[in-house]
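Predicted coordinates and the sequence they were generated for:
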Amino acid sequence: MGKVLLMLLATVLAFQAWAAPSRMSLDEAKQVTDSAISQEAFVPPPRRVDDVIKILNQAGTFKGSTESNRIKADAPPPPTQDNQSLVAFYRERGIAAWQLGRYKQTLDDFEKAQHYAGEARITDPQFMQRLAVAELER
């Protein structure tokens, strides 16, 4: 019984030595503390509707993405008969139209993309989900 207890004690001590975290030097601890302190302070999100409206009305904040989406949504179809290219075009144009709130155009573009995807034998479950959401927002 004494040998078993001694072996068990030796095993526990060996495990503790192996599992114990390595100690950090004082300089390493200072570096960790300095990097944590130097990060930007947390800025809580706006709490009132007025604050959100003020952020949305800031000049130029959303202009770039809105203009980019408008250009994509107004683009004419490419002069090609390649079904894969047409699928990609109508998907991208439909997404841009959706982000602009043009839900009728979104649905039309997604349906065209689905038509060309069927002809090209392309299946994309994620796109099918987008098409379903567009139909719900009609």
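Here it is on my side, so go on.

For residue 41, report the pLDDT, please.
Residue 41 carries a pLDDT value of 69.

just the helices in the protein please.
Applying DSSP state H to the chain gives helices spanning 2-19, 26-38, 49-56, 63-73, 83-99, 103-119, 125-136.

If you count contacts, what does the fifth one end up packed against?
Spelled out, that is helix 83-99. helix 63-73, helix 103-119, helix 125-136 (3 or more Cβ pairs under 8 Å, 6 or more residues apart in numbering; DSSP states H and E). The C-beta positions use only the backbone N, C-alpha and C, and glycine is treated the same way.

what's near enough to touch the residue nearest to residue 107 when sequence neighbours are not counted?
In space, and not counting its chain neighbours, residue 107 is closest to residue 134: 4.7 Å by Cβ to Cβ, 6 or more residues apart in numbering. Applying Cβ atoms under 8 Å, 6 or more residues apart in numbering to residue 134 gives the contacts 94, 98, 103, 106-107, 110.

Is there a quick PyMOL command that grabs whichever of those are buried?
Burial among the contacts of residue 134 is assessed by 16 or more other Cβ atoms under 10 Å; the matching PyMOL selection reads:
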select buried, resi 94+98+103+106+107+110
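
Which single one of the contacts of residue 134 is nearest to residue 116?
Taking Cβ to Cβ as the measure, residue 110 is the one of those closest to residue 116, at 11.0 Å.

My understanding was that the closest one contacts residue 132; is that so?
No: assessed by Cβ atoms under 8 Å, residue 110 is found out of contact with residue 132, at 9.4 Å.
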